[in-house]
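> got a predicted model here, sequence first, then my questions.
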Amino acid sequence: SKLLVGQTWHPFFGEVSPQILNLNTGAPFQAFSRAPQVRYRYNTGDIQLTASALWQSQYKSYGPTANDGSGNSRIQAPHKNANLPELALGLDYKAIGTDNKTYKVDERLTTVSYEGHVKYTGDKLFFAAKSTLGANFSHVSMLGGYAVKAQDAKTGEREYTAFRNSSSWINLVYGKKWKAGIFAGYMKNLGTDDAVSKMYGTGTNVDQLLSGSVELTYNLPHWKIGVEY
């Protein structure tokens, strides 16, 4: 339910008005008025009930012409000055689709990921390796994401499942002033546990990925110059 105290469209302007360019929106064939009012609206299912008490403001009923004492005539608006408001009751049936409704959902995608690593640093030798089993890992610039596994046709509420990816790399560097290094990485898309429809992520359609590089660098205090292929 909603309670409105303020100025808005007259109930006879209503929920249905023509879509035309002219500002009058169809007047005098279509009601056109905004009025101060107290409006209570109740929604249940596809039914909307509305009760309004309205007062006239800049849009007002015509009345007899009177003289204001200065010789100028003006049109009286007796309805505007009346103590009783205009009362309006309305009933609308709306077959509202999912796109026009707002739903609060509490569905969460919970994942668990694992990572193991090793590193050795010596006088001239550097060795490092890491292996990761990650789920929904696009936020750390790795391949992965999640997908929709089910959706409620009425509310649009979704259930999700994560893509799991296995990723490993190894890096070996030798030298001091001149350093030679190699890097190799391999990633395998392990997919999802469920059949899915819409997917969100990076490289969700990539089965596997292999990369390798070699480099040679010349190292001085505060400077490094190198090439990599």
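The structure has been received and is ready for your questions.

> next helix or strand past the lowest-mean-pLDDT helix or strand in the chain?
The weakest-scoring helix or strand in the chain, judged by mean pLDDT, DSSP states H and E, is strand 73-75 (a mean of 63). Remark: after strand 73-75, the chain's next helix or strand is strand 86-93, criterion DSSP states H and E.

> and that following strand, what does it pack against?
Packing partners of strand 86-93 (3 or more CB pairs under 8 Å, 6 or more residues apart in numbering; DSSP states H and E): strand 47-54. C-beta: built from backbone N, CA, C; applies to glycine.

> the strand it packs on pairs with which strands?
Strand 47-54 pairs in its sheet with strand 34-44 (antiparallel), strand 86-93 (antiparallel), by DSSP bridges.

> just send the ones you listed back as JSON lines, with mean neighbour count too.
JSON lines is the format used below for these (neighbours: other CB atoms under 10 Å):
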{"stretch": "strand 34-44", "mean neighbour count": "15"}
{"stretch": "strand 86-93", "mean neighbour count": "12"}
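
> you'd agree Thr202 is up against Val140?
No: counting by CB atoms under 8 Å, Thr202 does not reach Val140; the two are 10.2 Å apart.

> more neighbours, the two?
Using other CB atoms under 10 Å as the criterion, Thr202 and Val140 rank with Thr202 on top: 15 against 10.

> from Met187, how far out is the more buried one?
Thr202 sits 11 Å away from Met187 when distances are taken as CB to CB, to the nearest Å.

> shared neighbours of those two, which are they?
Counting by CB atoms under 8 Å, 6 or more residues apart in numbering, the common neighbours of Thr202 and Met187 are Met142, Leu143.

> so what's the residue count around Ile182?
For Ile182, the count of nearby residues is 13 (other CB under 10 Å).

> which residues does it contact?
Neighbour list for Ile182: Asn171, Leu172, Val173, Gly212, Ser213, Val214, Glu215 [criterion: CB under 8 Å, 6+ apart].

> give me the beta-bridge partners of the closest residue to Asp92 other than its chain neighbours?
Spatially, and ignoring its direct neighbours in sequence, Asp92 is nearest to Gln48 (4.3 Å; CB to CB, 6 or more residues apart in numbering). Here Gln48 sits in beta bridges with Asn43, Asp92, going by DSSP bridges.

> does Gln48 really touch Gly14, like I thought?
No: taking CB under 8 Å as the definition, Gln48 is not a contact partner of Gly14, at 11.2 Å.

> shared neighbours, the two?
Residues touching both Gln48 and Gly14 (CB under 8 Å, 6+ apart): Gly90.

> what helix or strand is Ala195 located in?
Using DSSP H and E, no element contains Ala195; it sits outside every helix and strand.

> not counting sequence-adjacent ones, nearest residue to it?
Counting by CB to CB, 6+ apart, the residue nearest Ala195 is Lys149, at 6.8 Å.

> shouldn't that neighbour be within a helix?
No: counting by DSSP: H, G, I helix; E, B strand; the rest coil, one finds Lys149 to be strand, located in no helix.

> isn't it right up against Lys198?
No: using CB under 8 Å, Lys149 is not in contact with Lys198, being 9.8 Å away.

> who has more neighbours, the two?
More neighbours surround Lys149 than the other of Lys149 and Lys198, with 16 against 11 (other CB under 10 Å).

> and the more buried one, what does it touch?
With contact taken as CB under 8 Å, 6+ apart, Lys149 is in contact with Glu159, Tyr160, Thr161, Thr192, Asp194, Ala195, Val196, Ser197.
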